[in-house]
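>>> Sequence plus the predicted model coming up.
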Amino acid sequence: MSAKGTMRSSKREYRRATPARAGAADPKAISFVGHQRQFEDFVTALSAGRAPMVDGREGRKAVELILAIYRSARTGKTVRLPL
């Protein structure tokens, strides 16, 4: 995170933080770095009196997408967004 509270990451940083075999095969191998940076930005945003880079509306979209994936897997049908 830079001094101004913005997040910067390179492809190299992401590759270092994300093991080649990460994912469903080994959920413990999934990197937490992205979530950590979001938390850091949120705290910085509170201190600086600015909006966080990822706000509640954007977070809700991610949750809705995951719920749609689960619903589709459970029913075997296409799920349209928004739910």
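Right, received. Where do you want to start?
>>> Give me the mean pLDDT for the longest helix along the chain.
Longest helix in the chain, counting residues (DSSP state H): helix 56-75. When pLDDT is averaged along helix 56-75, the result is 94.
>>> what helices or strands is that helix leaning on?
The contact analysis (3 or more C-beta pairs under 8 Å, 6 or more residues apart in numbering; DSSP states H and E) places helix 56-75 against no helix or strand. Where you see a C-beta, it was placed from the backbone N, CA and C, and this is true even at glycine.
>>> Only the buried residues of it, if you could.
Using 16 or more other C-beta atoms under 10 Å as the test for burial, helix 56-75 gives A68.
>>> which residues in the protein form helices?
11-17, 33-48, 56-75.
>>> Switch those helices over to CSV; also include distance to P27.
Below are those laid out as CSV (distance: least, C-beta to C-beta, whole Å):
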stretch, distance to P27
helix 11-17, 15
helix 33-48, 14
helix 56-75, 14
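>>> Of all those, which one is nearest L83?
Of all the helices of the chain, helix 56-75 sits nearest to L83, with 5.6 Å by C-beta to C-beta.
>>> what's the offset of that closest one from the middle of its chain?
Helix 56-75 sits 13 Å away from the centroid of its parent chain (C-alpha atoms, centre = their mean, to the nearest Å).
>>> do stretch 27-36 as well
That offset, for stretch 27-36, works out to 9 Å (C-alpha atoms, centre = their mean).
>>> Go ahead and name everything in contact with the longest helix of the chain.
78-79, 81-83 (C-beta atoms under 8 Å, 6 or more residues apart in numbering).
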